[in-house]
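1. coords please:
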Amino acid sequence: MNYRFLFFLVVLSIGTTWKAICQTLKVGDKLPEVVLKNVVHYASTDLSTKDLRGKYVILEFWSSHCVVCIKGFPKLVELQQMFKDKLQIVAVSPNAKEQVQKILEKVKVAKNIIPFVSEDSLLRKLIPKNYVPWVVWVDSGGIIRHQTDGEWLTKDNIAAFVSGNAPQIVQNEYIPHPKKAIPLIAEADGKWLDKIDYYSYLAHCIKGKSIHHWDISDSVKGRRITRNCLSVADLLKEAFSEGNRNRFAYKNQLKLQLQNSYPFVNPAERDTAWNNKYSFSYEIAVPPNRSDQVYKMMQEDLQRMFNLRAEVRVEKITCLVLTRKDSTDRLRTKGGRADHNLFVEQPVKTRFLRNVSFEEFVAKLRQVYHPFAIITPFINATGYTGKVDIEISENLLNPVNRQALKTRLHELGLDLVEQLWETEVLIITDKRRRE
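-> Got it, this is the predicted structure:
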């Protein structure tokens with residue numbers, strides 16, 4: 001006999017088996033033939049995976065700290081009895097033999113139905129997992145078909161599995177060496193982002209983004225609001241505006257009652273150092289059933305994050321108020337085809353409205369007296385609702401010639417005056433000052 005050849009075959013066989021045992025397994029791999037020791041609550045103290053061939057196998061990994069696992073033992077026994085010879089459930093734990101026995105006695109698990117493997121070090125290396133219960137579904141040929149949470153271990157899913165059909169389950173994916181310093185959603189190269197139903201985050205200004213604002217609604221995905229590179233005060237104005245971008249657009253609609261407002265409000269000359277330290281990006285996404293609450297949630301987030309309180313009040317503040325000088329109607333339309341050129345971009349000598357709503361003219365005046373031009377809100381207090389005919393020279397509007405424009409408004413029976421007017425203001429205070 002060629003003993004060298006025989007020795008070579010033995011070494012080759014041992015090496016191949018050891019390589020199979022040392023490699024971690026995933027879905028599609030074959031469970032190697034190994035002998036599991038320290039089996040308790042069963043007829044034998046050893047269990048060979050070779051003896052399980054021909055049966056469907058469920059490996060449930062658990063440990064003594066998993067209350068859900070332990071409470072589920074009676075369910076495992078029930079499922080094993082239900083499927084009898086077609087299936088073998090094996091419970092696997094790293095805990096000491098004596099500890100496992102005490103747990104089983106306390107829960108009063110029936111004996112000789114499910115083998116409980118204790119002090120396991122082999123399977124835990126072969127089949128890595130991120131948590132327990134972790135369930136491995138092995139078909140009758142020894143091939144691992146699924147890895148799932150314990151919640152998918154149901155009568156209907158097992159019935160489908162042992163019949164050769166696909167159970168209605170969600171596969172688990174083992175993430176090797178998860179980094180505690182990295183948020184969960186950043187793991188796996190963003191694969192889990194589509195699973196997130198709700199989140200909000202605050203970050204320092206994310207540079208390089210030209211688009212600063214999104215407000216996206218979807219009947220299936222829900223609603224997402226994004227604001228980029230804003231001061232804290234501007235973020236709060238966005239939150240309390242609740243989608244109406246003009247609600248607190250003017251400077252005197254913001255009242256600060258802060259011991260130190262510098263970190264929260266854009267300085268007169270906003271430089272790179274201030275922007276890097278005090279400018280923030282914020283995003284929140286909610287499911288469809290919370291879409292109507294998204295701005296309220298944003299308000300709560302920002303107040304909590306910066307230890308501030310913000311509230312909306314109606315107060316008398318200086319406003320630029322459009323009024324009627326008298327009851328004579330100098331604006332009423334003479335009829336005809338409705339037309340206007342108020343907002344066309346190309347140069348024109350005269351802006352006009354013919355048989356068009358007075359609100360269109362008001363919108364043009366708001367554009368002229370926009371928040372970057374004045375600090376006081378523009379208020380339409382005319383009460384005029386009809387359609388009008390109006391002509392006004394372009395050189396009064398672009399650039400705005402306030403005195404000449406006011407003269408033209410007088411000719412139309414209108415006036416534009418500064419006066420105290422009740423309007424909404426956003427008041428921001430330190431929480432500590434209120435407590």
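2. Helices along the stretch 201-350 of the chain, start to end?
-> 232-241, 272-278, 294-306 (DSSP state H, counting those that start in this stretch).
3. Give me the contact list for the longest one.
-> Helix 294-306 is contacted by residues 200, 202, 223, 225, 232, 235-236, 238-243, 264, 282, 284, 286, 290, 308-310, 431 when judged by CB atoms under 8 Å, 6 or more residues apart in numbering. In short, each C-beta sits where N, CA and C put it, glycine included.
4. Show me what the mean pLDDT comes to for that helix.
-> Helix 294-306 carries an average pLDDT of 97.
5. Under the pLDDT cut-off, which ranges of the stretch 151-300 of the chain? List them.
-> 176-192, 208-212, 270 (pLDDT under 70).
6. at 90 instead, please
-> Scanning the stretch 151-300 of the chain for pLDDT under 90 picks out 151, 170-197, 205-216, 218-221, 228-229, 243-247, 249-251, 266-273, 275-276.
7. Give me the ChimeraX select line for the contacts of helix 294-306, limited to the buried ones.
-> Selection of buried members from these for ChimeraX, criterion 16 or more other CB atoms under 10 Å:
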select :200,223,225,232,235,236,238,239,240,241,264,282,284,286,290,308,309,310
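8. sorry, back to before: do you know which of the helices of the stretch 201-350 of the chain lies nearest I158?
-> Shortest separation from I158 across the helices of the stretch 201-350 of the chain is recorded for helix 294-306, at 40.9 Å, computed as CB to CB.
9. tell me the angle that closest one makes with helix 232-241.
-> Interaxial angle of helix 294-306 relative to helix 232-241 (axes from the mean of the first three to the mean of the last three CA atoms, to 10 degrees): 150 degrees.
10. Put the alpha carbons of helix 294-306 into CSV.
-> In CSV, the C-alpha atoms belonging to helix 294-306 read as follows (Å, rounded to 0.1, in the frame of the first residue of the first chain):
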residue,chain,number,x,y,z
VAL,A,294,-43.7,68.2,9.8
TYR,A,295,-43.2,71.9,10.5
LYS,A,296,-44.4,71.4,14.1
MET,A,297,-41.8,68.7,14.5
MET,A,298,-39.1,70.9,12.9
GLN,A,299,-40.0,73.7,15.4
GLU,A,300,-39.6,71.3,18.4
ASP,A,301,-36.3,70.0,17.0
LEU,A,302,-34.7,73.4,16.6
GLN,A,303,-35.9,74.7,20.0
ARG,A,304,-34.6,71.6,21.7
MET,A,305,-31.3,71.5,19.9
PHE,A,306,-30.4,75.2,20.6
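11. What residues of that helix count as buried?
-> The neighbour-count check on helix 294-306 (16+ other CB under 10 Å) flags 294-295, 297-299, 301-303, 306 as buried.
12. Which member of those is positioned nearest N401?
-> Ranked by distance to N401 (CB to CB), the buried residues of helix 294-306 are led by Y295 at 38.9 Å.
13. can you tell me how far I89 sits from K237?
-> Distance from I89 to K237, counting by CB to CB, to the nearest Å: 59 Å.
14. How about A96?
-> 61 Å.
15. Tell me which of those two has more neighbours.
-> More neighbours surround K237 than the other of A96 and K237, with 20 against 13 (other CB atoms under 10 Å).
16. Find the residue closest to the residue nearest the centre of the chain in space, skipping its chain neighbours.
-> The C-alpha lying nearest the average C-alpha coordinate of the chain belongs to Y199 (CA atoms, centre = their mean; 2.9 Å). Leaving aside its chain neighbours, Y199 sits nearest to A285 (5.6 Å; criterion: CB to CB, 6 or more residues apart in numbering).
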